[in-house]
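Engineer: Kindly generate the corresponding structure for this input.
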Amino acid sequence: MTYIVDTLVNMPVKAEDRLVERAPDVLRWFNQRADVITGGSTVEDLIAEMDEAKVDHAMIIARNGWHHPKTRPQGPLATSHGVDDDIFDMFCEEAAAAVARYPDRLSATVMLDPMGAMRAVRQLERAVKEYKFIAARLMPAATGVPANHPLCYPLYSKCIELGVPMMVNMGLPGPRRSGRGQQPVLLEDVLLAYPDLTLVGSHIGHPWHLETVALLQKFSNFYLTTAGWAPRYVPAEIIHLMNTRGPDRVMWGTDYPLMGIKRAADEAFALPLKADRCEGYLGANAKKIFGL
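Structural biologist: Predicted coordinates:
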């Protein structure tokens, strides 16, 4: 029986509990899930979808500065300015409470804002040591800070010190924000500087996905989760890598609630992958990389 891990799940939030509205561009890309996205969801809804798809474990992303009106950048070209500790802790406590209710089914990851500088470093340490989060995340499009910006380097160093992977969004984003800071090749600077860092790219890196493949071939500490992409649309070059030189490099995920979990799981099983590669893609690789 394949152990299945969803490597990217957004924190389930009921519509009335949201602090900001969802970006309309995201609804356009994921129109099949418009009702769920607009109406919101609960942790119990997430678990029910996991059960239906026979998914064993999900890694939820705690809400972050992008989800609060005080810290969300105002306008498509604006940068962020860090996240206040009270907002950060409120969102961490929300995610930690969900994990406490379903400790065998859920774990949590934390999205950081590099514009907070040393405050962000301390927040990362608190998320791992106090809230028991298993990985950190950066979304350059949300903050306006490219993945190879000097403000990110202390966070990479702290991840090594804490023994947790760093996940970085790649490619043009769904929200109407610039994707320049998410071009995969920018991560080469980070991988050269930090050979001890476990770095996981998210979202393929389209339209630069060949850069993603090149990085996966070049660096043994670089991995990929295809979350945010329906598996049937994963580029052939990445499927080829999984079947040949990179059986342990690529992981499955959904970006729930934007994508239905069962649909994504069914499509993953239908990919032209060798049996052991499919098992690695759906869960075995994530278990090893994130220590699940």
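Engineer: biggest helix in this protein, by residue count?
Structural biologist: helix 85-101 (DSSP state H).
Engineer: and that one, which residues are buried?
Structural biologist: Buried positions in helix 85-101, judged by neighbour count with 16 or more other C-beta atoms under 10 Å: 87, 88, 89, 91, 92, 94, 95, 96, 98, 99. C-beta coordinates here come from the backbone N, C-alpha and C atoms, glycine included.
Engineer: wait, what's in contact with the third one?
Structural biologist: Meaning residue 89. Shown in contact with residue 89 (C-beta atoms under 8 Å, 6 or more residues apart in numbering): residue 126.
Engineer: and residue 243, what does it touch?
Structural biologist: Residue 243 makes contact with 272, 273, 274, 277, according to C-beta under 8 Å, 6+ apart.
Engineer: Next up, the contacts around the last one.
Structural biologist: Counting by C-beta under 8 Å, 6+ apart, residue 277 makes contact with 242, 243, 247.
Engineer: so is it in a helix, a strand, or just coil?
Structural biologist: Of the three states, residue 277 takes helix according to DSSP: H, G, I helix; E, B strand; the rest coil.
Engineer: follow-up on the earlier one: so which one among the contacts of residue 277 has the lowest pLDDT?
Structural biologist: The pLDDT minimum for the contacts of residue 277 sits at residue 247, where the score is 94.
Engineer: Please name the residues that touch that residue.
Structural biologist: Contact analysis of residue 247 by C-beta under 8 Å, 6+ apart lists 274, 276, 277, 280.
Engineer: now do 10 Å
Structural biologist: Residues near residue 247 by C-beta atoms under 10 Å, 6 or more residues apart in numbering: 241, 273, 274, 276, 277, 278, 279, 280, 281, 284, 285.
Engineer: The last one: neighbouring residues, count only.
Structural biologist: Neighbourhood size, residue 285 [other C-beta atoms under 10 Å]: 25.
Engineer: And for the third one?
Structural biologist: Counted with other C-beta under 10 Å, the burial measure for residue 274 works out to 12 neighbours.
Engineer: Quick check: pLDDT value at it.
Structural biologist: The confidence metric pLDDT takes the value 93 at residue 274.
Engineer: Find the residue closest to it in space, skipping its chain neighbours.
Structural biologist: residue 243 (5.7 Å; C-beta to C-beta, 6 or more residues apart in numbering).
Engineer: what ranges do the strands span in the stretch 101-250 of the chain?
Structural biologist: Taking DSSP state E, counting those that start in this stretch as the test, the strands found in the stretch 101-250 of the chain are 106-111, 135-138, 166-169, 199-202, 222-225, 250-251.
Engineer: Run me through the strand neighbours of the shortest one, direction for each.
Structural biologist: Translated: strand 250-251. Paired with strand 250-251 in the same sheet, following DSSP bridges, are strand 222-225 (parallel).
Engineer: I'd like the average pLDDT over the partner strand.
Structural biologist: pLDDT averaged over strand 222-225 gives 98.
Engineer: Just give me how far it sits from the chain centre.
Structural biologist: The chain centre lies 10 Å from the centre of strand 222-225; the measure is C-alpha atoms, centre = their mean, to the nearest Å.
Engineer: Can you lay out the contacts of residue 247 as JSON lines showing distance to residue 122?
Structural biologist: Listed next are the contacts of residue 247 as JSON lines, based on distance: C-beta to C-beta, whole Å:
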{"residue": "241", "distance to residue 122": "37"}
{"residue": "273", "distance to residue 122": "42"}
{"residue": "274", "distance to residue 122": "44"}
{"residue": "276", "distance to residue 122": "42"}
{"residue": "277", "distance to residue 122": "40"}
{"residue": "278", "distance to residue 122": "41"}
{"residue": "279", "distance to residue 122": "39"}
{"residue": "280", "distance to residue 122": "35"}
{"residue": "281", "distance to residue 122": "35"}
{"residue": "284", "distance to residue 122": "34"}
{"residue": "285", "distance to residue 122": "31"}
